[in-house]
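Colleague: Got a predicted structure here, sequence first:
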Amino acid sequence: MSAGGFCKLPGGTVVVALTLPAPGSAEGAVRVLVHAANRPRALTRLRNLGLRAVYLRGNAHPPTPDEITAVLHHPDGLLWRTAPDTRSGELWHPIRALLPGRVSPSGV
């Protein structure tokens, strides 16, 4: 179910977008966005939150311009929402709302 991709920004940083199974749920998926210095660092940020089996293979589903804008304007640089976005107008949520009890690591 894991689908994703990345986009390198003009400043050298990247935005990685992944569609993952919803943690703690047998059904459903979430779209996770991560802003980081590079692709390996983006995946490390997710793994440090407990999402251990996160890999990015290929660039089949890169982040959209709206997703890039959303993650760049969030102080943590880590966001999620249900995927596919079946509820029209669903807003992005900070990663701590998806993984309660864990503190989101900061740093790009």
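Modeller: Thanks, I have it.

Colleague: Tell me which other helices or strands the helix or strand harbouring R45 touches.
Modeller: Assigned by DSSP states H and E, R45 falls within helix 39-48. Contacts defined by 3 or more CB pairs under 8 Å, 6 or more residues apart in numbering; DSSP states H and E place helix 39-48 against strand 14-21, strand 29-36. C-betas here are computed from N, CA, C, even on glycine.

Colleague: Of all the residues in the first one, which ones are buried?
Modeller: Same thing as strand 14-21. Using 16 or more other CB atoms under 10 Å as the test for burial, strand 14-21 gives 14-20.

Colleague: Show me where the chain has its helices.
Modeller: All helices of the chain, identified by DSSP state H, fall at 39-48, 65-72, 95-98.

Colleague: So which of these is nearest N59?
Modeller: Evaluated with CB to CB, those place helix 39-48 nearest to N59, the distance being 10.0 Å.

Colleague: now the angle from the closest one to strand 14-21?
Modeller: On the basis of axes from the mean of the first three to the mean of the last three CA atoms, to 10 degrees, helix 39-48 is oriented at 40 degrees to strand 14-21.
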